[in-house]
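> give me the fold of what follows.
(one chain, ligands or ions: 2)
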Amino acid sequence: MEKNIREILFTEEQIEKKLEELGAKITADYQGKNLLLIGVLKGANVFMSDLMRKIQIPLSIDFIAVSSYGLSTESSGVVKIIKDLDHSIEGKDVLIVEDIIDTGLTLDYLYHNLLSRKPGSFKICTLLDKPERRKADIKVDYKGFDIPDEFIVGYGIDYAEQYRNLPYIAILKKEVYEKQ
Ligand SMILES: O=P(O)(O)OC[C@H]1O[C@H](OP(=O)(O)OP(=O)(O)O)[C@H](O)[C@@H]1O
Ligand code: HPA
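Ligands and ions are numbered 1, 2, ... in the order given. Modelled structure (predicted):
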């Protein structure tokens, strides 16, 4: 295990099993629809790549890049779009794919921003949900796991741009970010 990791929350095998469940639900719910997965970069990159291969219906993908945490473990509360979508979403059945919902401020911003672009439908899928920290009310349609109020890394999720390549989801040791 990486030396700065306190505890592994979900192993590769547990993540794989959860993705199969989520993929099966999305496949059943979006039959005959015009499914567009929108990945929220950079964190959702790994989850989105694995999830889309568990969905057994035609779909398209796009990405939006936002940032509110920068190099910190606390949300700045100011969400910035760094890279916008490549295409219009008008009339499309949009499923936002997030790695983690924490305060909910990122998704609250994206919800209002993307809804104004008139999608046919709009739903939210997140791998991880940290409900204790919520500041904005978010309705999650597809969820992988609830997690405790700890700082999480791995499987695409970073601290100061590190640890995204860990194949598991883990709690970062507090001394790693408290000494910064
Ligand atoms: O619910 P919130 O408190 O808003 O936090 C969730 C957001 O924070 C992380 O993104 P970050 O800003 O760290 O950018 P990244 O995806 O590039 O790592 C994560 O990927 C979510 O998008
Ligand atoms: O626990 C977290 N870890 C990494 N990035 C995050 N962005 C929101 N919450 C987290």
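> Ser121 bridge partners, please.
On the basis of DSSP bridges, Ser121 is bridged to Asp93.
> contact partners of stretch 80-92?
Stretch 80-92 is contacted by residues 34-36, 38, 41, 60, 62-68, 113-114, 117-120 when judged by Cβ atoms under 8 Å, 6 or more residues apart in numbering. (Glycine included, C-beta is placed from N, CA and C.)
> so of these, which ones are in strands?
Members of the contacts of stretch 80-92 lying in strands (criterion: DSSP state E): Leu35, Leu36, Ile38, Leu41, Ser60, Asp62, Phe63, Ile64, Ala65, Val66, Ser67.
> can you add pLDDT and neighbour count and give the residues you listed back as JSON lines?
Below are the ones in strands among the contacts of stretch 80-92 laid out as JSON lines (pLDDT from 0 to 100; neighbours: other Cβ atoms under 10 Å):
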{"residue": "Leu35", "pLDDT": "98", "neighbour count": "23"}
{"residue": "Leu36", "pLDDT": "98", "neighbour count": "21"}
{"residue": "Ile38", "pLDDT": "98", "neighbour count": "24"}
{"residue": "Leu41", "pLDDT": "96", "neighbour count": "16"}
{"residue": "Ser60", "pLDDT": "98", "neighbour count": "12"}
{"residue": "Asp62", "pLDDT": "98", "neighbour count": "16"}
{"residue": "Phe63", "pLDDT": "98", "neighbour count": "18"}
{"residue": "Ile64", "pLDDT": "98", "neighbour count": "19"}
{"residue": "Ala65", "pLDDT": "96", "neighbour count": "17"}
{"residue": "Val66", "pLDDT": "91", "neighbour count": "20"}
{"residue": "Ser67", "pLDDT": "82", "neighbour count": "15"}
